[in-house]
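[1] mind folding the following:
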Amino acid sequence: MYKVAIVDDEPVIVRGLTMTIQWEKYNCRVVGTAGDGQEGMKLIREKRPDILISDICMPGIDGLTMIAGMKSEFGHMQITILTGFRDFDYAQQAIRLGVTRFLLKPSKMDELDEAIRVMIENLQRQGIMGMDEESENGGNAGDTEDGGNTGSTGNTSGEGRAGQGAENAPEYSAIKDTASKGTAQTAPGSEAPGKDAAPEQDREAGETDSPASCFIVKNALAYIEENYREKLKLSDVADQIYVSQWHLSKLLNKHTGQNFSEILNNIRIEKAKELLKDPSLRIGDIAEEVGFLDMAHFSRVFKKQAGISANEYRNTILGR
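    Now for the predicted structure:
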């Protein structure tokens with residue numbers, strides 16, 4: 001069976017999606033639910049679901065970055081966004097990052113049905129057929145491991161809705177059209193149809209080049225650029241952009257040809273070179289200003305990067 005995760009900070013939505021949808025009909029079961037983005041990421045890494053239905057407007061998270069991180073790290077996972085956030089540009093960006101469907105709350109059951117069917121078709125194109133229950137050590141369809149977030153909405157008709165609000169906002173049909181036209185196929189870099197399916201390493205290479213992965217690398221480099229003065233670690237950056245340290249390290253190497261330490265040191269030394277143009281600044285103060293707590297370490301890194309010492313560099317620049 002296909003594994004499903006549901007992430008939303010509205011308990012009524014979580015209960016509705018968990019209990020109202022007849023998941024067994026789709027050969028699916030809900031393996032867990034979460035009430036915020038941080039819990040959601042923990043759930044996804046633990047359960048590795050095939051399908052994710054999630055809001056993107058939840059406290060304490062950058063929704064697009066979270067989605068990009070999850071799609072980059074788990075390229076096969078099919079994602080449907082279910083949100084009350086009516087912004088067409090935001091919807092388009094989410095779709096470019098690999099979201100299968102972008103649905104506005106409240107969403108009719110036939111819209112959810114169509115989204116689930118397309119996600120399953122995309123999984124099947126990748127050769128992912130879903131494990132049988134025996135392989136997964138049992139469990140009934142629709143079971144969850146988070147009893148606090150499950151329950152019945154009391155509405156099981158085909159016209160049931162997930163969420164409350166005005167579904168006929170002007171942007172609604174345009175967003176639906178964009179989702180329908182732009183995502184009927186598998187997400188970029190993750191398609192592996194039929195017998196000609198690519199080897200696992202080729203699929204992985206495609207995922208690291210996907211729009212979501214490029215988005216993650218761009219955000220990671222921007223975060224390093226803004227925080228290079230701090231005692232920055234790879235884990236700090238990974239936490240900010242919602243991916244594992246291992247995955248971020250792989251992406252940085254793939255896209256820049258450098259590891260995290262090399263990237264950070266390059267930025268720090270380039271900033272130091274700018275500061276060395278000011279003769280009133282002591283080299284020790286410059287080293288500290290760009291994030292080096294150890295002057296000897298700064299000197300070694302500077303000479304390795306620039307080919308000469310910081311003092312020689314300053315004399316060369318000021319002597320021109």
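[2] low-scoring stretches of the protein, by residue?
    131-207, 320 (pLDDT under 70).
[3] mind listing what's buried along stretch 57-70?
    Going by neighbour count (16 or more other C-beta atoms under 10 Å), the buried part of stretch 57-70 is Met58, Ile61, Gly63, Leu64, Thr65, Met66, Ile67, Ala68, Gly69, Met70. Every C-beta, even on glycine, is put in place using the N, C-alpha and C of the backbone.
[4] which of the residues you listed fall in strands?
    Per DSSP state E, strands hold no members of the buried residues of stretch 57-70.
[5] farthest pair in these?
    The two members of those with the most space between them (C-beta to C-beta) are Met58 and Ala68, at 15.5 Å.
[6] in helices, which of the buried residues of stretch 57-70 appear?
    Gly63, Leu64, Thr65, Met66, Ile67, Ala68, Gly69, Met70 (DSSP state H).
[7] so the fifth one makes contact with Phe102?
    No: contact status for Ile67 versus Phe102: not in contact, 10.3 Å apart, counting by C-beta atoms under 8 Å.
[8] now do the shared contacts for the two.
    Ile81, Ala94 (C-beta atoms under 8 Å, 6 or more residues apart in numbering).
[9] tell me the phi and psi of Lys304?
    Reported as degrees, to the nearest 10, the phi and psi values for Lys304 are phi -60, psi -40.
[10] if I look at it, how far off is His297?
    Using C-beta to C-beta, to the nearest Å, one gets 11 Å for the distance from Lys304 to His297.
[11] kindly report the same for Lys273.
    According to C-beta to C-beta, Lys273 and His297 sit 17 Å apart.
[12] what's the answer for Gly63, then?
    Using C-beta to C-beta, one obtains 38 Å as the distance from Gly63 to His297.
[13] what of Ala222?
    Ala222 is 25 Å from His297, by C-beta to C-beta.
[14] do Met119 as well
    Using C-beta to C-beta, we find Met119 at a distance of 49 Å from His297.
[15] of those two, who's got more company?
    Met119 (26 against 12; other C-beta atoms under 10 Å).
[16] now that one, nearest residue through space, not along the chain?
    Computed as C-beta to C-beta, 6 or more residues apart in numbering, the closest residue to Met119 that is not its neighbour in sequence is Gln78, at 3.6 Å.
[17] tell me the bridge partners for the one you found.
    On the basis of DSSP bridges, Gln78 is bridged to Ile51.
[18] could you pull out the strands for the protein?
    For the chain, applying DSSP E gives strands covering 2-7, 28-34, 51-54, 78-83, 101-104, 107-108, 161-162.
[19] need those strands in TSV (columns: mean neighbour count and distance to Asp239).
    Supplementary listing: the strands of the chain in TSV, determined by neighbours: other C-beta atoms under 10 Å; distance: least, C-beta to C-beta, whole Å:
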stretch	mean neighbour count	distance to Asp239
strand 2-7	26	18
strand 28-34	24	17
strand 51-54	26	19
strand 78-83	26	21
strand 101-104	26	26
strand 107-108	19	31
strand 161-162	22	30
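[20] next up, phi/psi of Ser244, please.
    Note on Ser244: its backbone torsions stand at phi -80, psi 160 [degrees, to the nearest 10].
[21] contacts only, for the closest residue to Arg117 other than its chain neighbours.
    Nearest residue to Arg117 in three dimensions, chain neighbours excluded: Tyr26, at 7.4 Å (C-beta to C-beta, 6+ apart). Taking C-beta under 8 Å, 6+ apart as the contact definition, Tyr26 lies against Tyr2, Ile116, Arg117, Ile120.
[22] surely the first one meets Asn27?
    Same thing as Tyr2. Yes: using C-beta under 8 Å, Tyr2 is in contact with Asn27, at 6.1 Å.
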